[in-house]
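Student: Just to be clear, the model below is a prediction. Sequence and coordinates:
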Amino acid sequence: MQRQIWTILLAGALGTVAFDLFGQGLSPAFGFAKLAPVGLATATLKTIFGAVPKGAGDIMHVLTGMFVYTLGYLLVARPIQRKILPNLHWMITATAYGIGLWVFALYFVAHLIAGNAPFLGFTGITWVAFWGHIFYALVAVYVIERGPFSQKTEA
């Protein structure tokens, strides 16, 4: 059980760092849009609760990346993949999961909850978010499937 908790924490933390590094650092450095996940998280919280304390968006962004998305893979995506295509390589599952996260974030959260245009109007930020969510999933799933606390590392 302790191994699973550390795996979830490490996978979520490294996935979130990869997402933020790509979306807020590398993408704008190469002339593309800069992601604002904290802004979206804050707008979502304000829509649901009204006024929110300063820093609430940061907390929501980090907790979502560290726990919610990682648990989504472990409890939803991986069990479905193992039931339907048990021999599918983890990278394909991770990529599909990243696309699912992108749909969840940019349609369900940004549009249906926060009130933005669906997929943020398919602007530059849409596609940076697309690749950012895929990078998140690839990093997080790597840690889960092949990382230091995974079953695959045992002899």
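Tutor: Happy to help now that I have it. Numbers count the residues shown, from 1 in each chain.
Student: Show me where this structure has its helices.
Tutor: Assigned by DSSP state H, the chain shows helices spanning 2-20, 27-29, 37-49, 56-63, 69-72, 78-84, 90-103, 124-146.
Student: which of the residues in the fifth one are buried?
Tutor: Within helix 69-72, the residues that qualify as buried by neighbour count (16 or more other CB atoms under 10 Å) are Y69, T70, G72. The C-beta positions use only the backbone N, C-alpha and C, and glycine is treated the same way.
Student: And the second one, by the same measure?
Tutor: Along helix 27-29, the positions that meet the burial threshold by neighbour count (16+ other CB under 10 Å) are S27.
Student: Ok, the third one next?
Tutor: Judged by neighbour count (16+ other CB under 10 Å), helix 37-49 contains these buried residues: P37, V38, L40, A41, T42, A43, T44, L45.
Student: could those go into JSON lines alongside pLDDT and distance to F22?
Tutor: As requested, the buried residues of helix 37-49 are arranged in JSON lines below (pLDDT from 0 to 100; distance: CB to CB, whole Å):
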{"residue": "P37", "pLDDT": "95", "distance to F22": "11"}
{"residue": "V38", "pLDDT": "96", "distance to F22": "15"}
{"residue": "L40", "pLDDT": "95", "distance to F22": "16"}
{"residue": "A41", "pLDDT": "96", "distance to F22": "17"}
{"residue": "T42", "pLDDT": "96", "distance to F22": "21"}
{"residue": "A43", "pLDDT": "95", "distance to F22": "21"}
{"residue": "T44", "pLDDT": "95", "distance to F22": "21"}
{"residue": "L45", "pLDDT": "96", "distance to F22": "24"}
